[in-house]
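Asks: dropping the sequence and predicted coords here.
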Amino acid sequence: MLANKKSSRKSVRKTTAKKKSAKKASAKSAVGVYTVPRGHVSIAVPTFWTLRQTNDDLEVEAPSGSTAVIVTAFQRNGRNQPLDAREYLDHFLETAPKNGRLKAAPGTKKRAVARYKDPEGDHWDVAFVTNGNTLLLATCNTSFPSTHKEAKTGLQVLDSLKLI
């Protein structure tokens, strides 16, 4: 009889510990994921940030208004070969107003990313994401340096972008 009480106490402790760890995990990950109704795009939306969807764009904006991530989708029209993210990033950067160094990560056909500063002092992170048929242009624009908490959160939103 004594052994039964000990084992039941252990199981109660284990379930309470599991509940506490689940609460801690959900409190740490205070980011919701929004999926476009057609089911093509998934993006993380931090707590208290605003999500707006227009006909062409998704916009996730910080409460301060100083950081925003804007995503625009394009479809392959009459092109035989699959879309290449690196190719579109190169075309975009040719026309982007840059001031200072451009930091471009070695991209793949599926994802290409670059970072630069514009003449007004805003920091830009640009990502092209593709699955071959759909191409997403995602920009994170912030007036804060990349070490600032809000800028880091904006970059996390940009990194969370996925084509489903």
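Replies: Arrived safely.

Asks: was I right about residue 84 contacting residue 109?
Replies: Yes: at 5.0 Å, residue 84 counts as touching residue 109 under the criterion of Cβ atoms under 8 Å. Using the backbone N, CA and C atoms, a C-beta is placed for each residue, glycine as well.

Asks: so what's in contact with the two at the same time?
Replies: residue 130 (Cβ atoms under 8 Å, 6 or more residues apart in numbering).

Asks: and residue 55, its phi and psi?
Replies: phi -60, psi -30 (degrees, to the nearest 10).

Asks: distance of it relative to residue 73?
Replies: Using Cβ to Cβ, to the nearest Å, one gets 11 Å for the distance from residue 55 to residue 73.

Asks: helix or strand with the lowest mean pLDDT in this protein?
Replies: Here the helix or strand of the chain ranked lowest by mean pLDDT, DSSP states H and E is helix 2-28, holding a mean of 43.

Asks: pull up the distance across stretch 127-135, start to finish.
Replies: Start-to-end span of stretch 127-135 (Cα to Cα, to the nearest Å) is 10 Å.

Asks: work out the gap between it and the centre of the chain.
Replies: Per Cα atoms, centre = their mean, to the nearest Å, the displacement of stretch 127-135 from the mean C-alpha position of its chain is 14 Å.

Asks: what does that stretch contact?
Replies: Stretch 127-135 is contacted from outside by 40, 73-76, 82-86, 88-89, 92, 107, 109-113, 136-139, 158-159, 161-163, using Cβ under 8 Å, 6+ apart.

Asks: just the ones in strands from those residues, please.
Replies: Per DSSP state E, strands hold the following members of the contacts of stretch 127-135: 73, 74, 75, 111, 112, 113, 136, 137, 138, 139, 162, 163.

Asks: now, of those, which are buried?
Replies: By neighbour count, with 16 or more other Cβ atoms under 10 Å, those hold 73, 111, 112, 113, 136, 137, 138, 139, 162, 163 as buried.

Asks: now the residues you listed as TSV including pLDDT?
Replies: Putting these into TSV (pLDDT from 0 to 100) gives the following:
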residue	pLDDT
73	84
111	92
112	93
113	93
136	89
137	91
138	93
139	93
162	87
163	84
